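1. Turn this into a structure:
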Amino acid sequence: MRRSPARALALLLLTLGSCAAPDAEETALLLLDEDARAAGIALEVAGETVESALPVPVAIDDDAYVVRPDGRERLALVPGELVEIHGADGDVRRGAVEPDRLVITGTQAGALSLGEMLGARVEPLSDARYALHAPGVTWIAALLHGVELDGVRAASSFEQALAASDQTWRDRTPVTLDDVVEVPAPDGAIPDAAALVGAYAYSDVLFVLDAAGGFLLRTAEGTTRGTYRPIAGGIELAPSGSETTIHMRLWNDALVDDVGVRLAPATIEMFQDTGEIE
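-> Numbers count the residues shown, from 1 in each chain. Okay, here's the model as predicted:
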């Protein structure tokens, strides 16, 4: 049974008084995002369905499954890994746990309340997202997976990429958008994957690279998802459901497609008035 918000702080103090945060050398974290939840996808651990707005700690030797309408898939767990069940198809995304920073989405009051519970500094981001900063905050927050929280939930990897792009692009020199540009041949250097994470835009096109190696391309014609990897002078995209890969070159902090259209570093504010970002 899930507990009320009024009992959350008392529960946390009781929990912390009796045990430490989950051991990163023996535990993984599971997260079910909102789109997956809305599609009827669930997580099952040790024979029980698990529901939580925050990451759920699971011992790596426990039986864990993602349960989709068409069947169950056993999840292989690695210590210190965040396993996110993403989107309406329940795609499995994997990445390292960021222990000292937890990105959440929701109301300001909910973020401040959770930050107070966890003894974390609350950093406002954009579009109803907040980052909680404290040593081990992500692992400690996982202790609250059975508590019903008002107005907040852990951000998905896509939402985290949008949040990360804010500061990343704020610190960079703005790039002027041109329709088509001539890009020199790749110089052989492979770009740093972490530096590529964030949002890019041109006209009504939104392109997002997330920290888990996934991409989202949204245009007037629809949305395409897939994975990416850095290559010499740019990136290679592998759209889901396609055997064809797409190459984009990195040039002056922008990504340029094979016909020369440049997608420049974007900010959330560019899309707030257009409805592109929900």
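2. hey, which strand is longest across this structure?
-> Longest strand in the chain by number of residues (criterion: DSSP state E): strand 222-231.
3. can you pull the buried residues of the helix or strand harbouring residue 263?
-> Residue 263 belongs to strand 262-265 when assigned by DSSP states H and E. By neighbour count with 16 or more other CB atoms under 10 Å, strand 262-265 contains the buried residues 262, 263, 264, 265. C-betas here are computed from N, CA, C, even on glycine.
4. So what's the gap between the very next helix or strand once past the longest strand of the chain and the chain middle?
-> Sequence-wise, the next helix or strand downstream of strand 222-231 (DSSP H and E) is strand 234-239. When C-alpha coordinates are averaged (CA atoms, centre = their mean, to the nearest Å), strand 234-239 and its chain have centres 19 Å apart.
5. picking up where we left off before, can you check what angle separates the longest strand of the chain from strand 234-239?
-> 140 degrees (axes from the mean of the first three to the mean of the last three CA atoms, to 10 degrees).
6. Go ahead and measure how far strand 222-231 is from the middle of the chain.
-> 15 Å.
7. Which residue, other than its chain neighbours, is closest to residue 47?
-> In space, and not counting its chain neighbours, residue 47 is closest to residue 63: 7.3 Å by CB to CB, 6 or more residues apart in numbering.
8. What does that neighbour show for phi and psi?
-> phi -80, psi 120 (degrees, to the nearest 10).
9. pLDDT below threshold where in the stretch 51-200 of the chain?
-> Along the stretch 51-200 of the chain, the model assigns pLDDT under 70 to residues 161-188.
10. show me where it has strands.
-> 56-59, 64-68, 71-74, 81-86, 91-96, 101-106, 121-124, 129-133, 152-154, 198-202 (DSSP state E, counting those that start in this stretch).
11. Of those, which is nearest residue 47?
-> strand 64-68 (9.4 Å; CB to CB).
12. for the stretch 151-278 of the chain, what spans make up the helices?
-> With DSSP state H, counting those that start in this stretch as the criterion, the stretch 151-278 of the chain has helices at 157-170, 193-196, 269-272.
13. returning to that earlier point: Throw the strands of the stretch 51-200 of the chain into TSV and include distance to residue 243, thanks.
-> Formatted as TSV, the strands of the stretch 51-200 of the chain follow (distance: least, CB to CB, whole Å):
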stretch	distance to residue 243
strand 56-59	34
strand 64-68	24
strand 71-74	23
strand 81-86	22
strand 91-96	18
strand 101-106	34
strand 121-124	42
strand 129-133	35
strand 152-154	34
strand 198-202	25
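14. Averaged pLDDT, the strand holding residue 263. What do you get?
-> What strand 262-265 shows for mean pLDDT is 82.
15. who does that strand pair up with?
-> Its sheet considered, strand 262-265 pairs with strand 198-202 (antiparallel), strand 254-256 (antiparallel) by DSSP bridges.
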